[in-house]
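> Sequence isn't available, so here's the structure alone:
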């Protein structure tokens, strides 16, 4: 029983609890094979329509051209879900006459089996790796769609003008919180500029797992670009005084659950992304920040409506899917796109087509 294991391991930080709930090799949410989709607990853009991946393929091709069409160009994806994003990207690229290698980072065999079935027609192009460390150095593009929101986070709270961390203990099958000292001093460094503006009881999250991931990625991606698509905020919005309950969300059967201790290992636990942190990490590890905008503007700039006519029959379902991808009622404004690059010419700062309508990169420097 998972609760028995948690009891043996407690007390622990919320970060450790979240990590176990999502990634434990036997009881973790993703280890169990939970996936997005209508039959899962939540939707992602690739589940909505293939035009999302097809439009993203246009951005990949622009980067391919900027790199002067290297013969060893590779696409790498982490957090690939069922594999539909890879399928839609590869299908559209094939339609345009391109057959790039596609690496998928997937630590869970049950999810890899699903991806292998979905991507059977591209079996000669797709290669799987258990983790980023095993991926060979490459020229190309790294893609993550709703990856960083699933990184375990430290949960913190302001209490009597001091910053405390949420710790977890499990007793007789009951998960309980208590306030303790910060596990990592770096937490205070990140939030200290905002601390005086928070009310007593203010609760929020800090992601420290992103830095080692970036460090590893910087060793693998020699030349090319990082494309990150996720829901989140610039830091000044993330830690705004009015966001006093944080951004932590849980999903179960397409319902939002406020309680992260409900069915441990059976619910998806997420936290919004601090995009300012990703901007800082990109610069720290040698990448140039090229653009930042909302998903709707990103897709529209790339010509998503034209791509829709290429990959669909123009039914009302296609039009409704497009609305969900680009309008505020769906993923259009909740999800943001950040692109970072590393080029042979270190001064090169290309103006990508995806940011023609909007580039809000200035928000990540405030």
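That came through, no problem. What you see is a predicted model, and the numbers here were worked out from it, not measured in a lab. Numbers count the residues shown, from 1 in each chain.

> buried sites along stretch 297-313?
297-302, 304, 307-308, 311-312 (16 or more other C-beta atoms under 10 Å). All C-beta spots, glycine's among them, are computed from the backbone N, C-alpha and C.

> Among these, which ones are in helices?
By the criterion of DSSP state H, membership of the buried residues of stretch 297-313 in helices covers 297-301, 304, 307-308, 311.

> quick check, nearest of the residues you listed to residue 222?
The closest of those to residue 222 turns out to be residue 298 (C-beta to C-beta; 25.2 Å).

> from memory the closest one sits against residue 354, does it?
Yes: Residue 298 lies in contact with residue 354 (C-beta atoms under 8 Å); the separation is 5.0 Å.

> Surely residue 233 touches residue 275?
Yes: the pair residue 233 / residue 275 is scored as a contact, 6.7 Å apart, by C-beta under 8 Å.

> Looking at these two, which has the bigger crowd around it?
residue 275 (27 against 18; other C-beta atoms under 10 Å).

> pLDDT below threshold where in the stretch 51-200 of the chain?
Counting by pLDDT under 70, the stretch 51-200 of the chain shows no low-confidence range.

> how about the helices in it?
51-66, 84-95, 109-118, 186-195 (DSSP state H, counting those that start in this stretch).

> For residue 218, find the nearest of the ones you listed.
Set against residue 218 and scored by C-beta to C-beta, the helices of the stretch 51-200 of the chain come closest in helix 51-66, at 17.1 Å.

> So which elements touch the closest one?
helix 45-48, helix 84-95, strand 138-145, strand 221-233, helix 304-311, helix 316-326 (3 or more C-beta pairs under 8 Å, 6 or more residues apart in numbering; DSSP states H and E).

> So what's the gap between the helix or strand just after the longest one and the chain middle?
The element immediately downstream of strand 221-233 (helix or strand, assigned by DSSP states H and E) is helix 235-238. A distance of 17 Å separates the C-alpha centroid of helix 235-238 from that of its chain, computed with C-alpha atoms, centre = their mean, to the nearest Å.

> Average pLDDT for helix 235-238, rounded please.
Mean per-residue pLDDT for helix 235-238: 98.

> and after it, which helix or strand comes next?
Downstream of helix 235-238 (by DSSP H and E), the next one is strand 249-252.

> Residue 283 and residue 186, how far apart?
As for residue 283, its distance to residue 186 is 17 Å (criterion: C-beta to C-beta, to the nearest Å).

> for residue 233, same thing?
20 Å.

> Name the nearest residue to the residue nearest to the spatial centre of the chain, sequence neighbours excluded.
The centre of the chain sits closest to residue 147, judged by C-alpha atoms, centre = their mean, with a distance of 2.5 Å. The spatial neighbour of residue 147 that comes closest, neighbours along the chain excluded (C-beta to C-beta, 6 or more residues apart in numbering), is residue 79 at 3.7 Å.
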